[in-house]
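# Fold the following, please.
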Amino acid sequence: MSRSIPRFYAILDAAQIGGRPPAAICEILLAAGVRLIQYRDKRASSRELYETCCQLAEQVRRGGGIFVVNDRADVARAVGAYGVHLGQEDLPVELARRVLEPGKWVGYSTHSLAQVREADQSSADYIAFGPIFPTPSKEKPDPVVGLEGLRQARQATRKPLVAIGGITLEKVRDVVAAGADSVAVIADLLKAPDIGARAREFLRLLGDS
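Predicted coordinates:
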């Protein structure tokens, strides 16, 4: 990948923000110095997702950041996002590329070494791997892979590797030491009493500020 991935990957999950406007949370993250933000809303209609992502894409663009849409390559293209992040049940990477404009990012979630190896053979720009630890952010989470699983995933690909799942401030250095290029955080960020302060602390620990 010609463009390096920021070490802190904030996931703005609509289910985790307690009804607050996504744009307000996005503004807090940008002001804190976060440069990579993914928006995830598993329950929104296509129209709702499009309208929210339109606003967020413009916000992040003005803030000099990178905006990624979860799951939906069509919405990512429609709003001019930097890219899309795909799960195992979404479009295959190469099909998503046909939907997106050339040069856009395609990230891909994996939960086993076999999936990492498969993703390594694709044109995915980065591979997310997890859950590293137990996570409250999914209704039906995949089996925990642990730090040892992350170390094995690191050996299985040369692509940028994003660790995800149950990562907290206290665990972030161990995750990086196990081989993650970037750390994706949801609950420990969005459930913090002061989201901006928590984001700045992650950035400081990761040397990404």
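
# make it CA atoms for all contacts and neighbour counts henceforth
Noted.

# where do the strands sit along this structure?
8-13, 36-40, 66-70, 83-86, 105-110, 126-129, 161-163, 182-185 (DSSP state E).

# for these, which one ends up most surrounded?
strand 161-163 (a mean of 28; mean count of other C-alpha atoms under 10 Å).

# Need the strands of the chain in JSON lines (columns: distance to residue 147 and mean pLDDT).
Formatted as JSON lines, these follow (distance: least, C-alpha to C-alpha, whole Å; pLDDT from 0 to 100):
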{"stretch": "strand 8-13", "distance to residue 147": "18", "mean pLDDT": "98"}
{"stretch": "strand 36-40", "distance to residue 147": "23", "mean pLDDT": "98"}
{"stretch": "strand 66-70", "distance to residue 147": "25", "mean pLDDT": "98"}
{"stretch": "strand 83-86", "distance to residue 147": "23", "mean pLDDT": "98"}
{"stretch": "strand 105-110", "distance to residue 147": "15", "mean pLDDT": "98"}
{"stretch": "strand 126-129", "distance to residue 147": "11", "mean pLDDT": "98"}
{"stretch": "strand 161-163", "distance to residue 147": "10", "mean pLDDT": "98"}
{"stretch": "strand 182-185", "distance to residue 147": "13", "mean pLDDT": "98"}
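
# ok, now which ones touch residue 67?
Contact analysis of residue 67 by C-alpha atoms under 8 Å, 6 or more residues apart in numbering lists 36, 37, 38, 39, 56, 57, 60, 61, 81, 82, 83.
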